[in-house]
Structures are given as structure tokens and as C-alpha cells.
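J.: For reference, the sequence and a predicted model appear below.
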Amino acid sequence: MKQIGIGLAGFGTVGMGVFRHLSRNRNLLSQRLGFELWVRRIAVLDPNKSRSVDTSAQPVTGNWEDLIVDPGVQIIVELMGGIEEPLRLITRAIEAGKTVVTGNKALLAKHGKELFDLATAKQVPIFFEAAVAGGIPIIKAVRESFIGNHIKSVHGIINGTTNYILTRMTEAGLDYAHALGEAQAQGYAESDPTLDVNGWDAAHKAIILASLAYGTWICPSKVFVEGIEKVTARDIGFAKMLGYRIKLLGIIKADDDGSRSIEVRVHPTLIPEKHVLASVNGVFNALCVNGDVVGETLFYGRGAGQDPTASAVIADLAEAAHALDSKRRDFGFMPHGLYGDCKPLDEILCQYYLRIPVDDKPGVLAQVAGVLGALNIGISSMIQPESDGQSAELILMLHDATHAQVREAIARITALPSVEGAPTLLRVEHFTP
Ligand code: HSE
């Protein structure tokens with residue numbers, strides 16, 4: 001049977017998983033594909049390190065250049081991690097005419113435009129299903145299954161670590177630090193979980209999805225990103241009383257007016273408890289994609305881990321192998337000019353949750369309401385837990401307002417003499433069809 005030669009760069013958790021499952025399901029894959037996916041060479045940082053997987057049939061090298069110059073390697077799989085070294089490897093691979101498979105979301109978010117420009121110029125495709133939501137085939141869905149749709153919106157829980165933390169805060173009442181510690185002890189969070197909790201891991205994925213959906217590579221500086229570090233069990237409790245759950249949500253939308261301007265944001269978000277995303281718990285990921293032809297769709301699964309991510313890489317390998325023999329127009333990203341720019345944060349319209357610590361004195365509520373009214377911001381509901389006679393908390397749900405309006409409102413409210421500290425602001429999302 002014909003063999004397709006693969007050069008595997010990076011042999012960590014995912015690389016090993018790809019290698020193991022390619023061997024384990026070799027027969028199934030060969031039957032389905034009509035050729036064999038054969039790992040010819042593996043590049044690692046330290047070739048002498050002992051490993052739990054038997055690689056005696058494959059030369060292991062400490063230099064990824066060996067994969068590029070091997071004439072029997074047709075597809076390079078980049079699973080090294082980091083940004084600069086993978087960028088060099090992928091650039092070299094494309095220049096050498098070798099198809100690329102990568103799961104590197106941070107690299108694509110930062111350098112996607114230049115890499116896809118190069119891929120298109122050299123007519124060498126890049127596949128990257130593993131970069132977003134692990135085992136969920138969302139890249140294929142957005143790029144191929146929904147090719148006949150304008151994507152109206154994507155709402156995604158696309159970081160498992162933060163979803164685990166928020167789930168534990170919601171269900172067990174843990175505070176943020178304890179829930180994070182638990183996620184680390186369970187092996188879900190990295191020892192340095194910065195990119196998870198500050199929202200940027202999810203933002204990298206949102207950038208990739210939005211770029212595919214709207215045909216312009218989104219610049220990271222145009223994305224509003226807020227992490228979950230400041231979410232408190234107290235806010236989760238108030239959200240519950242109001243009928244909401246708090247999730248770190250990636251939100252991607254395009255206006256359906258003539259401007260077709262785009263919104264890409266990632267932030268802790270109150271979502272109605274009855275919405276399907278509210279019941280996506282633990283480390284699971286889920287995405288709702290709304291297309292103008294297909295309507296609403298839902299994808300659910302594991303967004304990380306050795307096996308789900310290996311499943312995505314193997315699917316890319318199969319497609320990459322087929323692509324070796326076929327003429328393509330799309331080399332991973334197909335730019336077009338049908339959508340407008342990313343909206344500046346100040347122009348983005350949404351609803352808000354506002355918690356304000358105040359002195360428990362007559363007239364304070366009226367002062368706060370006065371500030372909001374003067375800025376034309378409506379209140380949709382309000383709760384105030386029974387106070388101790390000294391201090392109180394006002395929890396307000398606000399109607400649609402721009403970020404600029406709300407920023408001004410918070411500045412004015414914070415300056416009121418009866419306001420005891422900085423208000424807490426969270427965004428609210430309702431899912432209009
Ligand atoms: N750390 C990510 C998560 C997976 O927790 O979902 C890799 O993007």
C-alpha cells in the first residue's frame with residue numbers, strides 16, 4: 001500500500017498521542033484512506049530522553065531541519081509549542097513545498113496572516129483543526145460544512161480550564177483561588193495557567209474562528225479580552241439569583257447592516273441559565289454557531305487532552321494526504337473583503353451586570369439611578385440583599401448600552417460620596433436567533 005511520509009516535530013503529550021493512535025488504528029485508517037499514514041521521522045528537543053512509546057522504527061532527531069530535507073517526508077506536523085521556533089519550522093516547510101499540520105493557536109493568532117499569505121503564494125496548505133476546541137471539528141464546520149452561510153454569530157466556551165474553575169465555583173461555592181488550585185491538582189490547568197485564566201488562550205481560538213468566518217485575519221489588538229481572575233463566588237451567587245450562569249465566553253458576531261462590522265471578544269459573561277451553554281460544565285467545551293442558512297447549531301466535546309487533540313491532528317493528516325494529489329484554491333485561509341472592520345470596544349453594545357458597594361443611606365439608590373438615567377442607560381432589574389444598616393450592595397442589570405456609556409457611568413458612580421468602592425462590571429449575553 002502507498003505510504004504518505006510524515007515528519008513529526010514535537011513529541012510531548014499530543015505528539016505521542018498522534019503517534020500512538022496512528023499505530024493503534026493503522027488498519028482502520030488504511031482501509032478508509034487507501035494509503036498508509038507513516039511517521040518517518042520524529043524531531044524532539046532531546047533525542048536521548050527515554051520515552052514511554054516505542055519509536056525504534058523511526059529515526060529520532062534533535063534537529064527539525066532533518067524532517068524538511070527528508071525527501072520521503074511529505075507532511076510536517078508541528079506540535080512543538082512556543083511561537084518563534086514553530087514559526088521558523090512552518091515557514092521552512094512551506095518554502096520547501098511540504099504540507100503543514102499544526103495545533104498551535106498562539107502562533108496562528110499572532111502570525112496567521114503572514115503564514116497563510118506564504119502558504120497561498122507557495123500553494124502549500126496548512127491544516128489546523130487541533131488549534132481550536134481540541135476534538136470538536138469546529139474548523140472543518142466553519143470552513144467547509146457552513147461554506148454556504150454567512151456566519152451570524154459564534155458563542156463558544158473554548159477553554160476547559162476556566163470552565164472547570166467556574167463550574168466548581170458555581171456548584172461547590174469555592175472561591176477562585178481554591179477552584180484554580182483544584183484544577184491544577186486534577187491536571188487540568190497548566191502549572192502556569194496565565195493564558196487560560198487571563199482569557200488569551202480562548203482569545204487565540206476566537207481570533208482563528210472569526211478570521212475564518214469573516215475572511216479577514218483578525219489582529220489580536222482589536223479583540224477585547226478579560227479573564228476570570230476577578231470573578232467572585234459572590235457574583236456567581238447573585239447571577240444565580242437572577243437566573244444566570246457565568247461562563248468565559250468567546251463571542252464572535254457580524255452586524256447585519258451594510259457595514260458588516262465584526263465583534264470579537266472574550267470575557268466572563270452572564271448567560272441565561274436555560275440556554276444550552278449554561279449547562280456545559282467541567283472541562284468540556286461547546287460552541288453555538290448561527291449561520292444565515294443553517295440556523296443554530298451546537299458542538300460539544302473535549303477541548304483539550306492527548307486523545308481528543310490527537311483525533312483532530314489525525315483528521316488533518318488524512319485530509320492533508322488527500323490534498324497532496326488534488327488541486328486546491330484554499331490553502332487554509334481564504335481572505336475576502338465581504339466584511340468590515342472589528343468594532344472598537346467603546347462602540348460594542350451589550351447588556352451588563354453591575355454590583356455597587358454603597359453606604360446604607362437614604363437617597364443613594366436614587367443617585368445611582370440618576371447617573372444611569374442621565375447617560376440614557378436603562379435598568380432592567382435590581383436586587384439589594386437585606387443590609388446591616390451600614391453598608392449595602394446594589395446589583396443592577398442594565399439594558400443595552402455601549403461600553404463608552406458604561407465606562408462613563410462607572411466613573412461617575414465611583415465618584416459619588418456614598419459609593420464605598422469600585423463597582424464590579426460583567427457583561428450579559430442573550431442569544432437572539
Ligand atoms: N488550556 C486549554 C484549555 C487547552 O484549558 O482548554 C489548550 O488550548
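T.: Now that the structure is in, tell me what you want to look at. As the structure is a computational prediction, the values presented were derived from the model and not from experiment. Residues are numbered from 1 along each chain as shown.

J.: Can you show me the strands along the stretch 51-200 of the chain?
T.: Using DSSP state E, counting those that start in this stretch, the strands of the stretch 51-200 of the chain run over 60-61, 75-78, 99-102, 126-127, 151-157.

J.: How far does the last one sit from its chain's centre?
T.: Going by C-alpha atoms, centre = their mean, to the nearest Å, the spacing between the C-alpha centre of strand 151-157 and its chain's C-alpha centre is 11 Å.

J.: which strands and helices sit next to it?
T.: Applying 3 or more C-beta pairs under 8 Å, 6 or more residues apart in numbering; DSSP states H and E, one finds that strand 151-157 makes contact with helix 200-214, strand 244-254, strand 284-291. All C-beta atoms are positioned from the backbone trio N, CA, C, and that covers glycine.

J.: Make TSV from those and add mean pLDDT, distance to the ligand and mean neighbour count to it.
T.: Listed next are the helices and strands packed on strand 151-157 as TSV, based on pLDDT from 0 to 100; distance: least, C-beta to the nearest ligand atom, whole Å; neighbours: other C-beta atoms under 10 Å:
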stretch	mean pLDDT	distance to the ligand	mean neighbour count
helix 200-214	98	5	27
strand 244-254	98	10	24
strand 284-291	98	7	23
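
J.: how is this protein carved up into domains?
T.: As assigned by automatic domain parsing, the chain contains the domains 3-127+307-323, 138-302, 346-428.

J.: what's the closest of those domains to Phe331?
T.: domain 3-127+307-323 (4.2 Å; C-beta to C-beta).

J.: model confidence over that closest one, on average?
T.: The average pLDDT for domain 3-127+307-323 rounds to 96.

J.: do the same with stretch 382-389
T.: Stretch 382-389 comes out at a mean pLDDT of 92.

J.: Send me that stretch as PDB with only the CA atoms.
T.: What follows is stretch 382-389 as a C-alpha-only set of coordinates in PDB (Å, rounded to 0.1, in the frame of the first residue of the first chain):
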ATOM      1  CA  MET A 382     -32.300  45.200  40.500                       C
ATOM      2  CA  ILE A 383     -31.700  43.300  43.800                       C
ATOM      3  CA  GLN A 384     -30.400  44.600  47.100                       C
ATOM      4  CA  PRO A 385     -29.800  42.000  49.800                       C
ATOM      5  CA  GLU A 386     -31.000  43.000  53.200                       C
ATOM      6  CA  SER A 387     -28.300  45.300  54.600                       C
ATOM      7  CA  ASP A 388     -26.700  45.600  58.000                       C
ATOM      8  CA  GLY A 389     -27.700  49.200  58.300                       C
END
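
J.: How much space separates Arg412 from the ligand?
T.: Distance of Arg412 to the ligand, given as C-beta to the nearest ligand atom, to the nearest Å: 38 Å.

J.: now swap in Lys49 and tell me
T.: Counting by C-beta to the nearest ligand atom, the gap from Lys49 to the ligand is 23 Å.

J.: Run through the residues that contact the residue of the stretch 251-400 of the chain found nearest the ligand.
T.: With C-beta to the nearest ligand atom, the shortest gap between the stretch 251-400 of the chain and the ligand falls at Ala304, namely 3.5 Å. Neighbour list for Ala304: Gly134, Gly160, Thr161, Tyr188, Val283, Asn285 [criterion: C-beta atoms under 8 Å, 6 or more residues apart in numbering].

J.: Glu190 now?
T.: With C-beta under 8 Å, 6+ apart, Glu190 has these contacts: Thr161, Gln184, Asp196.

J.: And the helices in the stretch 251-400 of the chain?
T.: Assigned by DSSP state H, counting those that start in this stretch, the stretch 251-400 of the chain shows helices spanning 306-323, 364-374.

J.: okay, those helices, which one's buried deepest?
T.: Of the helices of the stretch 251-400 of the chain, the one with the most neighbours on average (mean count of other C-beta atoms under 10 Å) is helix 306-323, at a mean of 21.

J.: who's in contact with it?
T.: Contacts of helix 306-323 (C-beta under 8 Å, 6+ apart): 4, 6, 13-14, 16-18, 20-22, 25, 29, 32-33, 35, 37, 74-75, 77, 79, 99-101, 103, 125, 127-130, 134-137, 140, 301-302.

J.: What about Thr402, how many residues nearby?
T.: 18 (other C-beta atoms under 10 Å).

J.: who's in contact with the residue nearest to it when sequence neighbours are not counted?
T.: Distance criterion C-beta to C-beta, 6 or more residues apart in numbering; nearest residue to Thr402, sequence neighbours excluded, is Leu349 at 5.5 Å. Applying C-beta under 8 Å, 6+ apart to Leu349 gives the contacts Asp400, Ala401, Thr402.

J.: What of Val223?
T.: Ala203, Ala206, Ile207, Val264, Arg265, Val266, Cys342.

J.: One more pass at 6 Å, please.
T.: Ala203, Val264 (C-beta atoms under 6 Å, 6 or more residues apart in numbering).

J.: cool, and the one 3 residues further on?
T.: Residues counted as contacts of Glu226 (C-beta under 6 Å, 6+ apart) are Gly199, His267.

J.: What pLDDT does the model give it?
T.: For Glu226, the predicted pLDDT is 98.
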